[in-house]
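Peer 1: Compute the structure for the input listed below.
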Amino acid sequence: MKSKTRRKWKKPKDKPKRPLSAYNIFFRHERAKLMVKVEQSQDRFEKVGFAALAKHIAAKWKQLDHYSRKPYEAQAEIEQRQYRVLLEEWKRKQNGGCDSSNSRLVVSSRSLPDFSNTKQVLSRATSSMPELD
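Peer 2: Numbering: from 1, shown residues only. Prediction:
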């Protein structure tokens, strides 16, 4: 008797990736800072375990006040909006069966935020943030 095997669902290759949350953006930022510190330390071959790293960064996240979280939340919101637009475009392509070279997303300019100066805004916001160590 043959047993039925279920096929595992695979995400389509052209489907947009989900955006990072504010915490994930903070984690990535803090991990990069900590890795630089480890590289600059005297013991260059010191390994940092993921569990210890995650606990350290999670404790920092919990200590952040609303003002300090603002840049990370803003970046997460921007990524979420971009993801929604890309996902809608992807869904239209899937439902319509359109060729990707011929399909265009028509969105009014009012519904989309201006992403042109995102990097400048975030760099100013993160440069004024206090260091937590």
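Peer 1: what are the ranges of the helices in the chain?
Peer 2: The residue ranges that make up the helices of the chain, judged by DSSP state H, are 22-40, 50-63, 66-96, 118-127.
Peer 1: Turn those helices into JSON lines, including distance to Arg6 and mean neighbour count.
Peer 2: In short, each C-beta sits where N, CA and C put it, glycine included. As requested, the helices of the chain are exported to JSON lines (distance: least, Cβ to Cβ, whole Å; neighbours: other Cβ atoms under 10 Å):
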{"stretch": "helix 22-40", "distance to Arg6": "30", "mean neighbour count": "14"}
{"stretch": "helix 50-63", "distance to Arg6": "31", "mean neighbour count": "12"}
{"stretch": "helix 66-96", "distance to Arg6": "23", "mean neighbour count": "15"}
{"stretch": "helix 118-127", "distance to Arg6": "42", "mean neighbour count": "12"}
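Peer 1: Nearest to Thr5, out of those?
Peer 2: helix 66-96 (26.3 Å; Cβ to Cβ).
Peer 1: could you say what helices and strands the closest one packs with?
Peer 2: Contact here means 3 or more Cβ pairs under 8 Å, 6 or more residues apart in numbering; DSSP states H and E; on that basis helix 66-96 packs against helix 22-40, helix 118-127.
Peer 1: Lowest average pLDDT across those?
Peer 2: Sorting the helices and strands packed on helix 66-96 by mean pLDDT places helix 118-127 lowest, at a mean of 62.
Peer 1: out of the helices of the chain, which comes closest to Arg7?
Peer 2: Distances from Arg7 to each of the helices of the chain were compared by Cβ to Cβ, and the smallest falls on helix 66-96, at 19.0 Å.
Peer 1: quick check: mean pLDDT across that closest one?
Peer 2: Here the average pLDDT along helix 66-96 is 95.
Peer 1: Between helix 22-40 and it, find me the angle.
Peer 2: Between the axis of helix 66-96 and that of helix 22-40 there is an angle of 110 degrees, by axes from the mean of the first three to the mean of the last three Cα atoms, to 10 degrees.
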